[in-house]
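Colleague: Any chance you can model this:
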Amino acid sequence: MKRLILNIILTLAFIKLVSLFSPSFANMLADGLIMVLNLFVKAIFWLEHLVRTFLTYPN
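Modeller: Have a look, this model is predicted:
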(Lines give C-alpha, C1' and ligand atoms only; values in the text may rest on other atoms or scores of the structure.)
Protein backbone atom coordinates (compact mmCIF):
# COMPACT_ATOMS: atom_id res chain seq x y z
CA MET A 1 0.00 0.00 0.00
CA LYS A 2 2.85 2.37 0.83
CA ARG A 3 4.44 1.55 -2.52
CA LEU A 4 1.20 2.35 -4.38
CA ILE A 5 0.91 5.73 -2.64
CA LEU A 6 4.58 6.46 -3.36
CA ASN A 7 4.09 5.59 -7.04
CA ILE A 8 1.08 7.90 -7.28
CA ILE A 9 3.02 10.75 -5.65
CA LEU A 10 5.99 10.20 -7.98
CA THR A 11 3.68 10.12 -11.00
CA LEU A 12 2.05 13.40 -9.96
CA ALA A 13 5.49 14.96 -9.43
CA PHE A 14 6.52 13.79 -12.92
CA ILE A 15 3.37 15.34 -14.43
CA LYS A 16 4.14 18.60 -12.59
CA LEU A 17 7.70 18.55 -13.98
CA VAL A 18 6.45 17.89 -17.52
CA SER A 19 3.90 20.71 -17.18
CA LEU A 20 6.77 23.19 -16.86
CA PHE A 21 7.85 22.34 -20.41
CA SER A 22 4.58 21.32 -22.12
CA PRO A 23 1.30 22.13 -20.32
CA SER A 24 -0.95 20.44 -22.91
CA PHE A 25 1.01 17.18 -22.73
CA ALA A 26 0.87 17.30 -18.93
CA ASN A 27 -2.90 17.76 -19.07
CA MET A 28 -3.15 14.74 -21.35
CA LEU A 29 -1.02 12.68 -18.92
CA ALA A 30 -3.12 13.82 -15.97
CA ASP A 31 -6.37 12.94 -17.76
CA GLY A 32 -4.99 9.50 -18.58
CA LEU A 33 -3.93 8.97 -14.96
CA ILE A 34 -7.38 9.97 -13.72
CA MET A 35 -9.04 7.57 -16.18
CA VAL A 36 -6.79 4.69 -15.08
CA LEU A 37 -7.40 5.39 -11.38
CA ASN A 38 -11.14 5.62 -12.05
CA LEU A 39 -11.12 2.23 -13.79
CA PHE A 40 -9.05 0.77 -10.94
CA VAL A 41 -11.57 1.98 -8.33
CA LYS A 42 -14.52 0.72 -10.40
CA ALA A 43 -12.86 -2.69 -10.75
CA ILE A 44 -12.35 -2.90 -6.98
CA PHE A 45 -16.00 -2.07 -6.28
CA TRP A 46 -17.15 -4.51 -8.98
CA LEU A 47 -15.04 -7.33 -7.51
CA GLU A 48 -16.32 -6.51 -4.04
CA HIS A 49 -19.89 -6.70 -5.36
CA LEU A 50 -19.19 -10.08 -6.98
CA VAL A 51 -17.62 -11.47 -3.82
CA ARG A 52 -20.52 -10.28 -1.68
CA THR A 53 -23.04 -11.69 -4.17
CA PHE A 54 -21.46 -15.13 -4.31
CA LEU A 55 -20.74 -15.31 -0.57
CA THR A 56 -24.33 -14.45 0.35
CA TYR A 57 -25.94 -16.53 -2.43
CA PRO A 58 -27.86 -19.47 -0.92
CA ASN A 59 -26.67 -22.87 -2.17
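
Colleague: Longest helix in the protein, by number of residues?
Modeller: In the chain, taking DSSP state H as the definition, the longest helix is helix 23-56.

Colleague: buried set for that one?
Modeller: By neighbour count, with 16 or more other Cβ atoms under 10 Å as the criterion, the buried positions of helix 23-56 are 26, 29, 30. C-betas here are computed from N, CA, C, even on glycine.

Colleague: Which residues outside the least confident helix or strand in the chain by mean pLDDT are in contact with it?
Modeller: Lowest mean confidence among the helices and strands of the chain (mean pLDDT, DSSP states H and E): helix 2-21, at a mean of 84. Helix 2-21 is contacted from outside by 25, 26, 27, 29, 30, 33, 37, using Cβ atoms under 8 Å, 6 or more residues apart in numbering.

Colleague: if I look at residue 38, how far off is residue 17?
Modeller: 23 Å (Cβ to Cβ, to the nearest Å).

Colleague: still on that earlier bit, return the member of the buried residues of helix 23-56 nearest to residue 56.
Modeller: residue 30 (39.0 Å; Cβ to Cβ).

Colleague: Not counting sequence-adjacent ones, nearest residue to that closest one?
Modeller: residue 15 (5.4 Å; Cβ to Cβ, 6 or more residues apart in numbering).

Colleague: how many neighbours does the one you found have?
Modeller: 17 (other Cβ atoms under 10 Å).

Colleague: Just give the nearest non-adjacent residue to the residue positioned nearest the centre of the chain, would you?
Modeller: In the chain, the residue lying closest to the centroid (Cα atoms, centre = their mean) is residue 37, at 1.7 Å. Here the nearest residue to residue 37 in space, its sequence neighbours aside, is residue 8; by Cβ to Cβ, 6+ apart that works out to 8.0 Å.
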